[in-house]
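**Q** Sequence and predicted structure below; questions after.
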Amino acid sequence: ILNVEQSPQSLHVQEGDSTNFTCSFPSSNFYALHWYRWETAKSPEALFVMTLNGDEKKKGRISATLNTKEGYSYLYIKGSQPEDSATYLCALKVTQGGSEKLVFGKGTKLTVNP
Amino acid sequence: NAGVTQTPKFRVLKTGQSMTLLCAQDMNHEYMYWYRQDPGMGLRLIHYSVGEGTTAKGEVPDGYNVSRLKKQNFLLGLESAAPSQTSVYFCASSSPRLAGGKFYNEQFFGPGTRLTVL
């Protein structure tokens, strides 16, 4: 069974703080890693798709890095705002029987206090 | 574009009842997926489809059946509901795209269906 681990499970920060969290995955046969942002009562929305070792992607104050050799990705949020409060999911792309699917971690729930 | 829609939004069933959840997408996506989300468990894949007329088992397929008769629709059926199937069900769709020499396949999610089995 493939394990995609995210830590911490939950995180509380103050508005203006910068923060980061981790996604760990098996480093063999890597294809791609996805990050999703999931606000309460809404559906997950894609943030980044990362494919290359050393990739760094950025969207506004959110950025992500990827290390496929050691099997981890970091998500960074600079100057957190209350609207950043959400669960952040990472998902590893795997192929099975010629088709592909995503294996999700359990998420990191971020709460940004004003 | 409506994106990915799911019906119904909420449903309460008694043990042993059957029902079908409908997922529809208007993005002409090839792939469609059904997940369940339970507290502390994250999203777990139930079944998925890589094209019209094809389905495959995911991580937790038992107790569910699916059909993909039309490209835009993916149905999830519970033949005899059990309390363990109380969950929030999410549908997603995707279509591989080539960019910079790499294939990307982001999934787009529906709003979810909250199902309670008594």
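**A** Ah, there it is.

**Q** Just checking: what are the partner strands of the worst-scoring helix or strand of chain B on mean pLDDT?
**A** Across the helices and strands of chain B, mean confidence by mean pLDDT, DSSP states H and E is lowest for strand B:102-104: a mean of 73. Next to strand B:102-104 in the sheet, as set by DSSP bridges, lie strand B:97-99 (antiparallel).

**Q** what comes into contact with the strand it pairs with?
**A** Here strand B:97-99 makes contact (CB atoms under 8 Å, 6 or more residues apart in numbering or on different chains) with B:103-105. Quick note: C-beta positions are derived from backbone N, CA and C, even for glycine.

**Q** make it 6 Å
**A** Under the criterion CB atoms under 6 Å, 6 or more residues apart in numbering or on different chains, residues B:Tyr104 lie in contact with strand B:97-99.

**Q** Ok, stretch B:102-118 next?
**A** So stretch B:102-118 is contacted by A:43-44, A:46, A:49, A:51, B:4, B:6, B:10-14, B:21, B:23, B:81, B:83, B:85-86, B:88-94, B:96-97 (CB under 6 Å, 6+ apart).

**Q** Weed out the non-buried ones from those residues.
**A** Listed as buried from the contacts of stretch B:102-118 are A:43-44, A:46, A:49, A:51, B:4, B:6, B:11, B:13, B:21, B:23, B:81, B:85-86, B:89-94; burial here means 16 or more other CB atoms under 10 Å in any protein chain shown.

**Q** What residues does chain A have near chain B?
**A** A:43-44, A:46, A:49, A:51, A:99, A:101, A:104, A:106-107 (CB under 6 Å from any CB of the partner chain).

**Q** Low-confidence ranges, chain A, go.
**A** A:1, A:97-98 (pLDDT under 70).

**Q** Could you rerun that using 50?
**A** When the per-residue scores of chain A are filtered using pLDDT under 50, no range remains.

**Q** and the longest strand for it?
**A** strand A:86-96 (DSSP state E).
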